[in-house]
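> could you work out the structure for the sequence below:
(2 chains)
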There are 2 protein chains.
Amino acid sequence: MIIDCHGHYTTAPSELGDYRDQQKAELKNDPMFQTTKGILNITDDQIRDSIKNNQLKLQQERGTDLTIFSPRASWMGHHVGNESTSVAWTEHCNDLIRRVCDLFPENFAPVAQLPQSANVKPDAVVRELERTVNEMGFIGCNLNPDPSGGYWKDKPLHDKFWYPIYEKMSELNIPAMIHVSGSCHECFHTTSSYYLSADTTAFVHLMMSDLFKDFPDLKFIIPHGGGAVPYHWGRFRGIAQDQGFDLEEKVLNNIYFDTCVYHQEGIDLLLDVIPTKNVLFASEMIGAVRGIDPRTGHYFDDTKRYIDGNTKLNAAEKKMVFEDNARAVFPRLKV
Amino acid sequence: MIIDCHGHYTTAPSELGDYRDQQKAELKNDPMFQTTKGILNITDDQIRDSIKNNQLKLQQERGTDLTIFSPRASWMGHHVGNESTSVAWTEHCNDLIRRVCDLFPENFAPVAQLPQSANVKPDAVVRELERTVNEMGFIGCNLNPDPSGGYWKDKPLHDKFWYPIYEKMSELNIPAMIHVSGSCHECFHTTSSYYLSADTTAFVHLMMSDLFKDFPDLKFIIPHGGGAVPYHWGRFRGIAQDQGFDLEEKVLNNIYFDTCVYHQEGIDLLLDVIPTKNVLFASEMIGAVRGIDPRTGHYFDDTKRYIDGNTKLNAAEKKMVFEDNARAVFPRLKV
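As a prediction, the model looks like this:
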């Protein structure tokens, strides 16, 4: 079985965007606007259409089986509005993910967006973790290390500010993919410099701290192949050594990298440098890059081809990347 | 001849640090403190000692010939103080670099620090370019894309704000290495997440703009192997294609990557993915990582070994990386 651990519902029916636009209009008048959840009218047929012609079609064409599926990351928009609007928006996004997974239970497993806001204590986040995991069967979450959208106004990830989230994750036995949302800072381009820099920044928060002493079972996935980290694994090992610790001992029981790297050379480096048990197959599909690479004739984000094309890993190791590691990191995945 | 295009004077005599500490003490009392340059008492013997036992020793041990040498990047500290203190500090740092190069003309060629300050019009920067290049024979400069030290308060690099610098660089026929200084933001660790993220961020400013239409001869070096960029070259090519342009056509006449990547796998990827003409040998020496890699028994930042160890490039291509490309990018280098 081939499990893609990083897929987004980028193709949700337009009613979802309309709901968000309405929130933004209210917020324009009143930044402190307090909202109720309200109703989102989307039919099962609309959801089926949005998935069948997109993610499901691509799954079948590419020969993958199951996508660990979350709301569209760039739309989480934690910098927009306030806790009240973030909660209502997040609940709808997660409800939709649950419906996708109910309609296609063989093909999708649900991962939650969280109702974060910059510098807001994560009480609502903890409640949404309980709702989605305990009541709705979600198997993981996306945690945004920078809810301010590029300004990094919150404390680093090892700070006690974040501990209520880690306590709940540990209790529920779920991992988090560390994933920022859209950038609202003119210096950062969302799907390139912002995503990759945030991945690298989050990794350093974790490696420089003793977080995993306090939470030995906590598991994080760094997306987009770990940002700049595997390419600079020597630099990170060296910096750790200068500071008196062994990088791999410190992080490799808790940190995993996905394979959202869109060329053979990058995937080969990732598989070469990072222990196989720490790499999870993923495509980001449908995500940051939509086109076909003229050099290969295949979609840039058809990452299964690069794993297949790697000549160093044997079949058992590739099965770890495609399936076994995801099952180890997402223990609530039962398919 | 083997030219290392990225070396820092990290070992300057302690009087330099004392001078800066004095500035900081004055600034603590008065953030608008206006200073004069003053005098820095450092003898030639002190400079000789600081170089002979460090950079020169390492050059000889590693078999490199010439280092393109600049003040210590992490000490530029453009977020500290104001234009007046930045100008005085920068002039002393550059004066010292000139003295190093006068004492060891075969081994070092000078690159300038610039007196930047966040959101301050670059008049003093232009003056320091004229002083260092026209009067003191410098061959390049380090340009900080984020003088606010992690807050990214300035405009992106393609903005007209920066144009006076580019006009002067074009007139003087010098390249810039794009290099941030120390981070003063608690979310960013200077030599890992901040440096690598800034490299990636700066590259995206350039690739997303039409800057090189306005300045067709401008040349930038992205240090630390280009941050996350070569590892994600497929992602960047794909994002460019989605936006309707060809990445390599757009940037490869103007952007170069250095080889400050501290393991064989990373260097191999860089040399594999980026055209050979766009890669410049560099070590960052003495820089971010000081130790010996227990896996190889050699210094992490002895990057010449990784180029030597690469099995795909032929001798002529390696000569391009070691020498020819640096001569093309630094036309004022005459050694």
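> residues contacting A:Ser117?
A:78, A:81-83, A:86, A:147 (Cβ atoms under 8 Å, 6 or more residues apart in numbering or on different chains). C-beta here means a position set from N, CA and C on the backbone, and glycine is covered the same way.
> and stretch A:94-110, what's its mean pLDDT?
In this model, stretch A:94-110 has a mean pLDDT of 98.
> any buried residues in it, and which?
Neighbour-count burial for stretch A:94-110 flags A:94-101, A:103-104, A:107-110 (criterion: 16 or more other Cβ atoms under 10 Å in any protein chain shown).
> put the alpha carbons of it into CSV.
Listed next in CSV are the C-alpha coordinates belonging to stretch A:94-110 (Å, rounded to 0.1, in the frame of the first residue of the first chain):
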residue,chain,number,x,y,z
ASN,A,94,-12.2,20.1,9.2
ASP,A,95,-15.8,19.1,8.8
LEU,A,96,-15.3,19.1,5.1
ILE,A,97,-12.2,16.9,5.4
ARG,A,98,-14.2,14.5,7.5
ARG,A,99,-16.9,14.4,4.8
VAL,A,100,-14.3,13.7,2.1
CYS,A,101,-12.9,10.8,4.1
ASP,A,102,-16.5,9.5,4.7
LEU,A,103,-17.2,9.5,1.0
PHE,A,104,-13.8,8.0,0.0
PRO,A,105,-12.8,6.0,3.1
GLU,A,106,-10.3,3.9,1.2
ASN,A,107,-8.5,6.8,-0.3
PHE,A,108,-8.3,9.5,2.3
ALA,A,109,-7.5,9.8,6.0
PRO,A,110,-8.2,13.0,7.9
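> what's near enough to touch the residue positioned nearest the centre of chain A?
What sits nearest the mean C-alpha location of chain A, by Cα atoms, centre = their mean, is A:Met177, with 4.1 Å. Residues near A:Met177 by Cβ under 8 Å, 6+ apart: A:5-6, A:70, A:111, A:140-143, A:220-221, A:223, A:258.
> grab the nearest non-local neighbour of the residue of the stretch 101-250 of chain A found nearest chain B.
With Cβ to the nearest Cβ, the shortest gap between the stretch 101-250 of chain A and chain B falls at A:Gly234, namely 2.9 Å. Sequence neighbours aside, B:His263 is the residue nearest to A:Gly234 in space, at 2.9 Å (criterion: Cβ to Cβ, 6 or more residues apart in numbering or on different chains).
> now swap in A:Met76 and tell me
The shortest distance from A:Met76 to any non-neighbouring residue, by Cβ to Cβ, 6+ apart, is to A:Ser181 (3.9 Å).
> cool, A:Tyr163 as well?
Nearest to A:Tyr163 is A:Asp214, by Cβ to Cβ, 6+ apart, at 7.6 Å.
> count of neighbours near that neighbour?
Applying other Cβ atoms under 10 Å in any protein chain shown, we find 14 residues neighbouring A:Asp214.
> now check the helix or strand encompassing A:Ile221, is it near chain B?
Using DSSP states H and E, A:Ile221 maps to strand A:220-222. No. Strand A:220-222 does not reach chain B (Cβ under 8 Å from any Cβ of the partner chain); its nearest approach is 11.9 Å.
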